[in-house]
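*Asks:* sharing a sequence plus its predicted fold:
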Amino acid sequence: MTIIESHDWHAAAGDLDARGWTILPGLIGGAQCDALAALYDRESGFRSHVVMERHGYGRGEYRYFSYPLPPLVGTLRATLYPRLVDTANRWHARMGMKTRFPPAHRDFLERCHSAGQARPTPLLLRYGAGDYNCLHQDLYGEHVFPLQAAILLSAPGEDFRGGEFVMTEQRPRMQSRAEVAPLSKGDAVIFAVTHRPQRGTRGDYRVTMRHGVSTVRSGRRYTLGIIFHDAA
């Protein structure tokens, strides 16, 4: 049994339906976290480098991987997707959206690439003291898988302080609600990219979701982001 298979995916699906996010504890080990974080300063293996402050995204920086992805990143992307695709299709049905997603990630990527979304979107993010990520949604083209993952590669309280993973939801005619995902090193949070369905008295309606990172007070924080659609 792999670490992904060992998680309670029935409970995870319930969390996603109830609140739009769930945590997978210890998805990868400490040595794997360190190895991924160490990739950040390499010259090769990335297609783009973004300094957030230049674009009004916050403070900090991130780098998008190029193809071929590092083996662990590619494996996580390909093996998480089929665990989430039933929830994705159920959400689209509940929200009255016609798009459905194929069982295998490679088939979904073929759909993205045929539409001109061929740039890989998995990324490494690095934050230092005073850095933060504004609330946002990761949209890169017409084809959007409604769930994504972020894996914390650093240890809270040891490698950094502050820097909590924050999500907000906006329901129609209601004020926004914020939640913090309590992550440890190696944990993954799976969360809604843009919208999730919510049951109401008159049926389902759409809740708008955004995510970000609060200000890092000290140290350095690394994150692996896994987005299942590619970019135009």
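*Replies:* That came through fine.

*Asks:* most centrally placed residue in this structure?
*Replies:* When C-alpha atoms, centre = their mean is applied to the chain, the residue found nearest the centroid is residue 149 (3.0 Å).

*Asks:* so that one, which state does it fall into?
*Replies:* strand (DSSP: H, G, I helix; E, B strand; the rest coil).

*Asks:* who's it bridged to?
*Replies:* Here residue 149 sits in beta bridges with residue 190, residue 226, going by DSSP bridges.

*Asks:* in terms of helices and strands, where is residue 161?
*Replies:* strand 160-162 (DSSP states H and E).

*Asks:* which other residues reach that strand?
*Replies:* Outside strand 160-162, the residues that touch it by C-beta atoms under 8 Å, 6 or more residues apart in numbering are 127, 154, 214-221. Backbone N, C-alpha and C define where each C-beta goes, glycine included.

*Asks:* export the residues you listed to a markdown table and append columns for distance to residue 11.
*Replies:* As requested, these are arranged in a markdown table below (distance: C-beta to C-beta, whole Å):
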| residue | distance to residue 11 |
| --- | --- |
| 127 | 30 |
| 154 | 26 |
| 214 | 27 |
| 215 | 32 |
| 216 | 30 |
| 217 | 32 |
| 218 | 34 |
| 219 | 32 |
| 220 | 32 |
| 221 | 27 |
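
*Asks:* quick one, which of those are buried?
*Replies:* 127, 154, 216, 219-221 (16 or more other C-beta atoms under 10 Å).

*Asks:* of all those, which two lie farthest apart?
*Replies:* For those, the farthest-apart pair by C-beta to C-beta is 154 and 216; their separation is 9.8 Å.

*Asks:* just for the chain, where's the confidence low?
*Replies:* Residues of the chain meeting the criterion pLDDT under 70: 1-2.

*Asks:* longest helix in this structure, by number of residues?
*Replies:* Secondary structure of the chain read by DSSP state H shows that its longest helix is helix 71-94.
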